[in-house]
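Enquirer: sequence and predicted structure below; questions after.
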Amino acid sequence: MNNRKTITKIFNPVMGFLIEILAIFIIIVLCLIIAGLVWYIK
Amino acid sequence: MIPKPTLQDIKTIGYYSGRLIVGYGLLMIIPIAVSFLMNEYNEGINFFISFLCCMIIGYILLLICPVPTDLSWIEGMVIASVSWILTMFLGAIPLFMSGHFISYTDACFDAMSGLATVGLSLIQDLDHISYTVNMWRFTITFIGGQGMILIALTLLIRTSGVYGMYVGEGREDRILPNIVQTARIIWAISLSYFCLGTLVLWFAYVNIGLPKLEAFWHSMWLYISSWATCGFAPQSMSLLYYHSLTIEIITAVVIILGVMNFSIHYALFTGNRKEIYKNIEIISFISIFLIVFFIVINGLVQQQVYSNFTTFFRKALYLVISALGTAGHSTIYPQQFLTDWGPLAMIGLIIAMGIGGNSGSTSGAIKSLRIGILFKGMLQDIKSLSLPKSAVVKEKFHHIKDIVLEDKIVRSTMFIIFCFLFSYGLGTFVGVIYDYPLLDALFDSVSTGSGTGLSCGIVSPQMPFLLKITYIFEMWAGRLEFMSIFALISFVISTTQLWSSKKRVIR
């Protein structure tokens, strides 16, 4: 039971951090698509 | 107007301000230690003198005002605003003594710029300042980003009624019911990222060829500056000095992490993963980000500044992140905003700087949460117009929990937005009076008021004295989000009225 709690305590922040990084990555990809389209059209 | 203040209220404010100043003085031990480490003894003496000044003023206040009572809301607010001014004056002493500033006003400008995490600087010969002075610049940046009151709540102050002080510093969110526990959570998140970010940046610096010790200082300072969303950099050319894509990527990520609300970090770290796409603040931030980015790239394409796509994308993305995150790191020269980027891209950046990041973060400006609430409020009004008069429309928004959008929330949001707009307008007006072009004056004023730190060239030691004072006011008011300024003004007026009525009774 204690082991489970410890794993959750470590797992949650790591997953939280990875989600934050993933969100930033998605924004950058969206920006890349927008910039690519504008560059191509104009 | 607040209830009539008594002498005990003034003593309570003096007592807690004294404690804050003593704590602030203790922080000067950090640069003193650096001066010994790096054999910069002259600078060490300057900081020791400033340390003594803090201790003397702090202990005089503690002696004059010895018996504090529990803090009221308004007292907390007044302490927040007074302590920020006092720490600006005291923090400027070692900066001025370093000999890198033309006047004490310039040193005060830099001290407030660091504390309010703005990042504009009037320093002379930045590239050759000592490690000690640099350490102090980034220490006050870190204190400002975290919040001076927050540090005091963690280490120095144990009393009831501290929520007023906490709110007075421009924070509202309680991550946990207890404010002291909230402060500890904020510290835990910040220090975890501090270790991780400094380490990653250190590897990047060593990789581009900096000696290991130099890389340590640069990585720590740049991390602090990015996390606190302050534009200070160890070099006068900011990020442009390094010409490194890796460092730009790392700092951009740190800035985005820095502009995220501590409550959202905490929610994600405790397993509440839905928060990332449900929270109104995140949705609003991403929407604003994409709109601003679209405006900026259109401006750049219109001007045909960059001939290859990679440079165009890299510069545009970094500066939009830097502006919206109110960080102020720059990868172009200040004059390039006027000569290369053109009006449309500058307007895009002005919008980004004016809005800023998330509430309850190290970021400044209006904040994306307020824009989200304003948008929801407008949506509610449009819906109620299209429905029968008897229909009751109630919008909800999600920010950690579901909140019903009440009129008073929209009203207070609009009031703060109006205050920010007034502050931006004031700086622009003074700039235009001194003959600066409107767009340039607007750009630098918004940058200052929002705590960003990008400049198109107005901010320099040669700028007029009144403009320096206006910018200092903008930085102070913008960082404290105006409420504690109003509290201070009304406290001063009430005290003056009380004293004048006492005089009349004596006569």
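Expert: Good, I have the coordinates. Numbers count the residues shown, from 1 in each chain, chains lettered A, B, ... in the order given.
Enquirer: any stretches of chain B with poor pLDDT?
Expert: Chain B contains residues with pLDDT under 70 at B:1-4, B:67-69, B:148-178, B:502-507.
Enquirer: for chain A, what are the nearby residues on it?
Expert: By the rule Cβ under 8 Å from any Cβ of the partner chain, the part of chain B lying against chain A is B:192, B:253, B:256-257, B:260, B:265, B:268-271, B:273, B:276, B:282, B:286, B:289-290, B:293-294, B:297-298, B:301-302, B:309, B:312-313, B:316-317, B:320. Placement of C-beta: from N, CA and C, glycine included.
Enquirer: mind listing what residue 5 touches?
Expert: Using chain A. Contacts here follow Cβ atoms under 8 Å, 6 or more residues apart in numbering or on different chains; on that basis A:Lys5 touches nothing.
Enquirer: that answer is for a different chain, and I need it for chain B
Expert: For B:Pro5, the contact set (Cβ under 8 Å, 6+ apart) comprises B:491, B:494-495, B:498.
Enquirer: for PyMOL, what selects the buried ones among these?
Expert: Command for PyMOL that selects the buried part of the contacts of B:Pro5, burial taken from 16 or more other Cβ atoms under 10 Å in any protein chain shown:
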select buried, chain B and resi 491+494+495
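Enquirer: which of the contacts of B:Pro5 lies closest to chain A?
Expert: Nearest to chain A among these, counting by Cβ to the nearest Cβ, is B:Phe491 at 40.4 Å.
Enquirer: surely the closest one touches B:Ile74?
Expert: Yes - with contact defined as Cβ atoms under 8 Å, B:Phe491 reaches B:Ile74; the gap is 6.5 Å.
Enquirer: among the contacts of B:Pro5, name the ones in helices.
Expert: Judged by DSSP state H, helices contain the following of these: B:491, B:494-495, B:498.
Enquirer: for stretch B:387-397, give me every contacting residue.
Expert: If you take Cβ under 8 Å, 6+ apart as the criterion, stretch B:387-397 is touched by B:280, B:372-373, B:376-377, B:379-380, B:383-384, B:402-405.
Enquirer: now with 6 Å?
Expert: B:280, B:376, B:380, B:383-384, B:402-405 (Cβ atoms under 6 Å, 6 or more residues apart in numbering or on different chains).
Enquirer: in a markdown table: the ones in helices among the contacts of B:Pro5, plus distance to B:Ser238.
Expert: Shown next, in a markdown table, are these (distance: Cβ to Cβ, whole Å):
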| residue | distance to B:Ser238 |
| --- | --- |
| B:Phe491 | 39 |
| B:Ser494 | 45 |
| B:Thr495 | 44 |
| B:Leu498 | 49 |
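Enquirer: ok, which stretches of chain A are helices?
Expert: A:2-41.
Enquirer: can you list the residues of it near chain B?
Expert: Taking Cβ under 6 Å from any Cβ of the partner chain as the contact definition, chain A meets chain B at A:12-13, A:16, A:19, A:23-24, A:31, A:34-35, A:38-39, A:42.
Enquirer: so who does the residue in chain A that chain B sits nearest to touch?
Expert: Per Cβ to the nearest Cβ, A:Gly16 is where chain A lies closest to chain B, at 3.4 Å. The contact partners of A:Gly16, taken as Cβ under 6 Å, 6+ apart, are B:268-269.
Enquirer: for B:Thr141, same thing?
Expert: B:114, B:224-225, B:228, B:230, B:232.
Enquirer: could you say which helix or strand holds the residue in the stretch 101-250 of chain B that chain A sits nearest to?
Expert: Of all residues in the stretch 101-250 of chain B, B:Ser192 sits closest to chain A, at 7.7 Å by Cβ to the nearest Cβ. B:Ser192 belongs to helix B:179-208 when assigned by DSSP states H and E.
Enquirer: quick one, that helix and helix A:2-41 angle?
Expert: When axes from the mean of the first three to the mean of the last three Cα atoms, to 10 degrees is applied, the directions of helix B:179-208 and helix A:2-41 differ by 60 degrees.
Enquirer: in the next helix or strand after helix B:179-208, which residues are buried?
Expert: Sequence-wise, the next helix or strand downstream of helix B:179-208 (DSSP H and E) is helix B:212-227. Judged by neighbour count (16+ other Cβ under 10 Å), helix B:212-227 contains these buried residues: B:215-227.
Enquirer: and the next helix or strand past helix B:212-227?
Expert: Downstream of helix B:212-227, the next assigned helix or strand under DSSP H and E is helix B:245-258.
Enquirer: so which of the buried residues of helix B:212-227 is the closest to B:Ile45?
Expert: B:Trp217 (21.1 Å; Cβ to Cβ).
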